[in-house]
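S.K.: structure, please.
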Amino acid sequence: MEKAKELITQAQNNNILSFDIKVFYTKIIEEAKSYQGLIFTEETIGDAKKILAEARKHREEYNKQRIDLCRPYTDAISNVKKIVDEALEISFGVAIKEIQNQIDEVENNRIKERENYINETYKRIFGNSQIPLRKIYDKKWLNKTTSVKKILSEIQQKYLQISNDEQTLRTLADGPFLTDVLDTFYDTLSLNDAISKLQKLKEIEKKVIDVHEINEQTTKVETSNQDFSSAKPRKTMVMSFRIRGTMEELEAVKEYIQQQNIEVLS
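M.R.: Okay, here's the model as predicted:
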């Protein structure tokens, strides 16, 4: 900032501008004085509006003059920016890039080593588990402030928690629902979600059983109430014969005839 001020002072002393900005400044201040301190009444409010318009017109004219006075220097200012930008790029830009590249390389190597440690630790603890690393991964493990000891401890804790939850589900859902319940758990790693899935499956099973029992009861009722009046009549024939036997034998024959609904002709 001090260097910039020094250059501006040198430019002013060398009269680089083709006009005297101080003269321009003084001219504006002096002309504006004629519009200051004026007092208007209700009778002269019309004059006030005219004078206000005139003051605004003069201010705009001076602003246009300022634009015209600065226009020749637009290209020069743009050229200054171009030259300075180039100087900054081939000097500070090169130095900054070289330093930043070295910082990035060191940081990338550190992150790569940390990622390798996380992968190896996961494989050693989880083995052939169905839970992929991405399910338990924590971004803060890559931070320099996170120690490898802490990473090891957290991966172990996650494994123990998952193993305990899985064993709980195997006990609760031992049966046809186990596969679906475990799939839900592996997907969400939430014991509550998996238990909720088990409850829903049991509710569905109960509804299916209830419907099946109702259908069976309905079928029994319909069968018991079935009308046999339209059944096809039996084909009958007449046979005449005489039998001989004891009283008990004859009574037995008579009882059999009655049981079989055989019509006795006289």
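
S.K.: tell me which stretches of this structure form helices.
M.R.: For the chain, the helices defined by DSSP state H cover 2-13, 21-32, 45-70, 74-88, 94-126, 133-136, 148-172, 178-188, 191-224, 247-259.

S.K.: tell me the most buried of those helices?
M.R.: The highest mean neighbour count among these, using mean count of other Cβ atoms under 10 Å, belongs to helix 178-188: a mean of 16. In this view, the C-beta of every residue, glycine as well, is placed from N, C-alpha and C.

S.K.: now that helix: mean pLDDT?
M.R.: Helix 178-188 carries an average pLDDT of 92.

S.K.: tell me the contacts of residue 28?
M.R.: If you count contacts by Cβ atoms under 8 Å, 6 or more residues apart in numbering, residue 28 has them with residue 62.

S.K.: I'd like the numbering to begin with 59 instead of 1 from here.
M.R.: All set: I'll call the first residue 59, so the last point we hit is now residue 86.

S.K.: any idea how far it is from residue 118?
M.R.: Distance, residue 86 to residue 118, by Cβ to Cβ, to the nearest Å: 12 Å.

S.K.: swap in residue 191?
M.R.: Separation of residue 191 from residue 118 (Cβ to Cβ) stands at 69 Å.

S.K.: and for residue 257?
M.R.: 78 Å.

S.K.: over to residue 275?
M.R.: In terms of Cβ to Cβ, residue 275 sits 97 Å off from residue 118.

S.K.: quick one: low-confidence ranges for the stretch 159-308 of the chain?
M.R.: 276-303, 306-308 (pLDDT under 70).

S.K.: cross-check the contact I'm expecting between residue 116 and residue 89.
M.R.: Yes: under the criterion of Cβ atoms under 8 Å, residue 116 makes contact with residue 89 at 6.7 Å.

S.K.: residue nearest the centroid of the protein?
M.R.: residue 246 (14.0 Å; Cα atoms, centre = their mean).

S.K.: tell me which residues touch that one, please.
M.R.: Residue 246 touches residue 252, counting by Cβ under 8 Å, 6+ apart.

S.K.: pretty sure residue 82 is touching residue 127, no?
M.R.: Yes: contact criterion Cβ under 8 Å: residue 82 and residue 127 qualify, at 7.3 Å.

S.K.: what touches both of those two?
M.R.: By Cβ under 8 Å, 6+ apart, no residue touches both residue 82 and residue 127.

S.K.: what sits up against stretch 186-195?
M.R.: Against stretch 186-195 from outside (Cβ under 8 Å, 6+ apart): 176, 177, 180, 184, 213, 216, 217, 220, 244, 247.

S.K.: I'd like the helices of the chain as JSON lines, with distance to residue 200 appended.
M.R.: Listed next are the helices of the chain as JSON lines, based on distance: least, Cβ to Cβ, whole Å:
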{"stretch": "helix 60-71", "distance to residue 200": "42"}
{"stretch": "helix 79-90", "distance to residue 200": "57"}
{"stretch": "helix 103-128", "distance to residue 200": "53"}
{"stretch": "helix 132-146", "distance to residue 200": "34"}
{"stretch": "helix 152-184", "distance to residue 200": "6"}
{"stretch": "helix 191-194", "distance to residue 200": "13"}
{"stretch": "helix 206-230", "distance to residue 200": "10"}
{"stretch": "helix 236-246", "distance to residue 200": "24"}
{"stretch": "helix 249-282", "distance to residue 200": "28"}
{"stretch": "helix 305-317", "distance to residue 200": "94"}
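
S.K.: nearest to residue 96, out of the ones you listed?
M.R.: Nearest to residue 96, of all the helices of the chain, is helix 103-128, at 6.8 Å by Cβ to Cβ.

S.K.: just checking, what packs against the closest one?
M.R.: helix 79-90 (3 or more Cβ pairs under 8 Å, 6 or more residues apart in numbering; DSSP states H and E).
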